[in-house]
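Give me the fold of what follows.
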Amino acid sequence: MHRPMEGVRVLEVAQFTFVPAAGAVLADWGADIIKIEHAERGDAQRGLIRVLGLDARGGGSFFPIMEGPNRGKRSVGLALENPAARPVLERLVRESDVFLTNFLPGARARLGIEVEDIRAINPDIIYVRGSGFGQSGDEADKGGYDSTAFWARGGSAAGVTPPDADTVMRQPTGAYGDSIGGMTIAGGIAAALYSRKATGEPSVVDVSLLGVGAWATQFSVNMALALGGPLPRFPQPKHGSATNPLIGAYRTADGRWLELAMLQPGRYWPEFCAVAGREDLISDERFDGVENIMRNAAEASEIVAELIAARDYAEWVELLKGTSGQWALVQEPWDVAQDPSLRANGLIAPLEDADGVQRELVASPVQFDETPVEIRRAPQFAEHTDEVLRELGWSEEELIQLKIDGAVT
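Coordinates of the predicted model:
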């Protein structure tokens, strides 16, 4: 299997999901990711026991909240604040292609891991920072989560919240913006590696959750810029759109939802009416042609809603199978996990956890040479400290002394 990042070493000094997710993607692509964890506490995310009201543990050693953004890595417990750990850090930096962090500027300065500190050790290293609000401006020192910087500040929360709502809509899942941001960072690192090979010059790469959030909502933001002010908020019809009854979500008899996206109502109306068993609507003067459908879209939408509500989801799957219009099931997480197209393309990937139990995770979405990625479990805390330090030349006696000094775990 072609793994394009084979031979690349990334030194990751980061925690939670946003930046570590980038390391997970690069690990999927073949890179060797050395994850530095606090010598006593580890990645702070290991302490998150409940997320979205659920027990975040998956049984035994399997911890989904850690597995997703940390699979395929090697963990080293290193006390960066301890001077005795500095030689270990410096040797790791010298042997790495990329330094990846989400530590805030103050912490980076205290620990001696700013750009100039790392470049003094390895002038060719690519230095990558993930942040909440960027490296410039008044908020450069401010921390941020995807719920604040990506979802709220980036425009998504306002975009999905109805004008008359009593509360702001939340992200659809944990680490939503973090996961999107991690993939963005991975792409930036790939570009920086190519640039270094082509020019010989290493880059400093910056990705902020706010920037990723604005990119995700760019259509609306660009429209607002073009109009020179806030966008108008139009009331949305209960069914369909203002001019097309074959757009939007409709509920089936068994409480499932179908999302229709048949953007040309004149083209798809006859086909839909035929499969729904209402051929009479094709020649109905209210709907006989695209102009009439658009003019009477509200009335047509009510009819579509009644038709879809009369049958179970499974019936609609059979009726719509093979039709030319676009539609999809509105899926819950378990449905996504069983999605036949995801599985046919190897995007739900198997792995063996630390207890030897067979598990599955969502694979990163990029494939090379039509080959599914092979993923490995996330490391246990400081699982690879001895292994990595031996590779770098430390003797057993030196390893023991580093542990006595509190430099490593």
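
Then Ser301 would be within a helix, right?
Yes: counting by DSSP: H, G, I helix; E, B strand; the rest coil, Ser301 is part of a helix.

Just the pLDDT at the residue nearest to it when sequence neighbours are not counted, thanks.
Spatial nearest neighbour of Ser301, chain neighbours left out: Gly240 (3.3 Å); criterion: C-beta to C-beta, 6 or more residues apart in numbering. Just so you know, the C-beta spots here come from the backbone N, C-alpha and C atoms, and that holds for glycine as well. Among the per-residue scores, Gly240 holds a pLDDT of 87.

and what of Gly59?
For Gly59, pLDDT reads 74.

mind listing what it touches?
Shown in contact with Gly59 (C-beta atoms under 8 Å, 6 or more residues apart in numbering): Val357.

who's in contact with the residue nearest to Ser301?
Gly240 neighbours (C-beta under 8 Å, 6+ apart): 246-248, 297-298, 300-301, 304.

Quick check: ChimeraX command selecting the buried ones in those residues.
Of those, the buried ones can be selected in ChimeraX as follows, counting by 16 or more other C-beta atoms under 10 Å:
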select :246,247,248,297,300,301,304
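
Leaving out chain neighbours, which residue sits closest to the residue nearest the centre of the chain?
Residue closest to the mean C-alpha point of the chain, counted by C-alpha atoms, centre = their mean, is Ser179 at 2.1 Å. Nearest non-adjacent residue to Ser179, counting by C-beta to C-beta, 6+ apart: Ala21, 5.5 Å away.

next one: Val207
Ile185 (4.8 Å).

hang on, the earlier thing: what helix or strand is the residue nearest to the centre of the chain located in?
Per DSSP states H and E, Ser179 falls inside helix 176-199.

okay, now the closest residue to Val290 other than its chain neighbours: neighbour count?
With C-beta to C-beta, 6+ apart as the criterion, Val290 has its nearest non-adjacent residue at 2.9 Å, and that residue is Gly266. Counted with other C-beta atoms under 10 Å, the neighbours of Gly266 add up to 15.

what about the strands in the stretch 251-400 of the chain?
Assigned by DSSP state E, counting those that start in this stretch, the stretch 251-400 of the chain shows strands spanning 257-261, 327-329, 348-352, 358-362.

a markdown table for these, including mean neighbour count?
Below are those laid out as a markdown table (neighbours: other C-beta atoms under 10 Å):
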| stretch | mean neighbour count |
| --- | --- |
| strand 257-261 | 17 |
| strand 327-329 | 15 |
| strand 348-352 | 16 |
| strand 358-362 | 14 |
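
could those strands go into TSV alongside mean pLDDT and distance to Asp369?
Converted to TSV, those look like this (pLDDT from 0 to 100; distance: least, C-beta to C-beta, whole Å):
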stretch	mean pLDDT	distance to Asp369
strand 257-261	97	31
strand 327-329	96	28
strand 348-352	97	16
strand 358-362	97	20
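
Output these as a markdown table; include the columns distance to Tyr313.
A markdown table is the format used below for those (distance: least, C-beta to C-beta, whole Å):
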| stretch | distance to Tyr313 |
| --- | --- |
| strand 257-261 | 7 |
| strand 327-329 | 7 |
| strand 348-352 | 21 |
| strand 358-362 | 23 |
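
The nearest residue to Tyr176 once chain neighbours are set aside: what's it in contact with?
The shortest distance from Tyr176 to any non-neighbouring residue, by C-beta to C-beta, 6+ apart, is to Asp146 (6.1 Å). Contacts for Asp146 (C-beta under 8 Å, 6+ apart) come out as 17-18, 171, 175-178, 181, 209.

Listing request: residues of the chain with sub-threshold pLDDT.
Residues of the chain that meet the criterion pLDDT under 70 lie in 1, 52, 58.

go again using 80 as the cut-off
Counting by pLDDT under 80, the chain contains low-confidence ranges at 1-2, 49-59.

returning to that earlier point: of all the strands of the stretch 251-400 of the chain, which lies closest to Val388?
Across the strands of the stretch 251-400 of the chain, Val388 has its closest neighbour in strand 348-352 (21.0 Å, C-beta to C-beta).

and that closest one, what does it pack onto?
Counting by 3 or more C-beta pairs under 8 Å, 6 or more residues apart in numbering; DSSP states H and E, the packing neighbours recorded for strand 348-352 are strand 358-362.

Going along the chain, name the helices of the stretch 251-400 of the chain.
265-275, 280-283, 290-295, 297-309, 313-320, 333-337, 340-344, 385-391, 396-404 (DSSP state H, counting those that start in this stretch).

what's the offset of the longest one from the middle of its chain?
Looking back up the chat, that one is helix 297-309. 35 Å (C-alpha atoms, centre = their mean, to the nearest Å).

if we can go back for a sec, tell me which element the residue nearest to Ser301 falls in.
Applying DSSP H and E, one finds Gly240 in no helix or strand.

ok, now the one 4 residues further on?
With elements delineated by DSSP H and E, Asn244 resides in a region that no helix or strand encompasses.

And for Arg3?
Using DSSP H and E, no helix or strand contains Arg3.

coming back round to it: and the residue nearest to Val290, how far from Asp206?
Going from Gly266 to Asp206 by C-beta to C-beta, to the nearest Å gives 48 Å.

Next, give phi and psi for the residue lying farthest from the centre of the chain.
The outermost residue of the chain relative to its centre, with distances by C-alpha atoms, centre = their mean, is Glu285 at 47.6 Å. The phi/psi pair for Glu285 (degrees, to the nearest 10) reads phi -60, psi -20.
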